[in-house]
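J.: Quick one, what's the 3D model for this:
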Amino acid sequence: MTARWNFDKPHRCPDCHAIAIDLERPKPWRIYTCCRCGTRFTRWPHLAWLLPSAGIRCSEHRPHTARTHTRRTR
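T.: From the prediction side, this is the model:
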């Protein structure tokens, strides 16, 4: 089930109020997932079957990219 986001704070999860979107400005045509409780939320929950999922968009739990290790020379 997809919940409706809070109008005054769309970047926060509507269930646990954690900051779930801090990597970008919340967009009404995406479905976001809370990193703390797993709640899916969007501006228009009745259109959730049409909207693309943005996944987890917080800087604390974002997927890390692989680092390339380089050798240091003296």
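J.: what residue is smack in the middle of this protein?
T.: Geometric centre of the chain, nearest residue: residue 57, 3.0 Å, by C-alpha atoms, centre = their mean.
J.: Show me what that residue bridges to in the sheet.
T.: On the basis of DSSP bridges, residue 57 is bridged to residue 21.
J.: List the residues that contact it.
T.: 20-24, 32 (C-beta atoms under 8 Å, 6 or more residues apart in numbering). C-betas here are computed from N, CA, C, even on glycine.
J.: Separate out the buried members of those.
T.: When the contacts of residue 57 are checked for burial by 16 or more other C-beta atoms under 10 Å, the buried set is 20-21, 32.
J.: Give me the distance between residue 38 and residue 13.
T.: Distance of residue 38 to residue 13, computed by C-beta to C-beta, to the nearest Å: 9 Å.
J.: Neighbour count: these two, which is higher?
T.: residue 13 (25 against 11; other C-beta atoms under 10 Å).
J.: my guess is the more buried one meets residue 22, correct?
T.: No - counting by C-beta atoms under 8 Å, residue 22 is not a contact partner of residue 13; they are 12.0 Å apart.
J.: Please enumerate the strands of this structure.
T.: Taking DSSP state E as the criterion, the chain contains strands spanning 2-4, 31-33, 40-42, 53-55.
J.: where among those strands is the average confidence lowest?
T.: Comparing mean pLDDT over the strands of the chain, the weakest stretch is strand 53-55, at a mean of 87.
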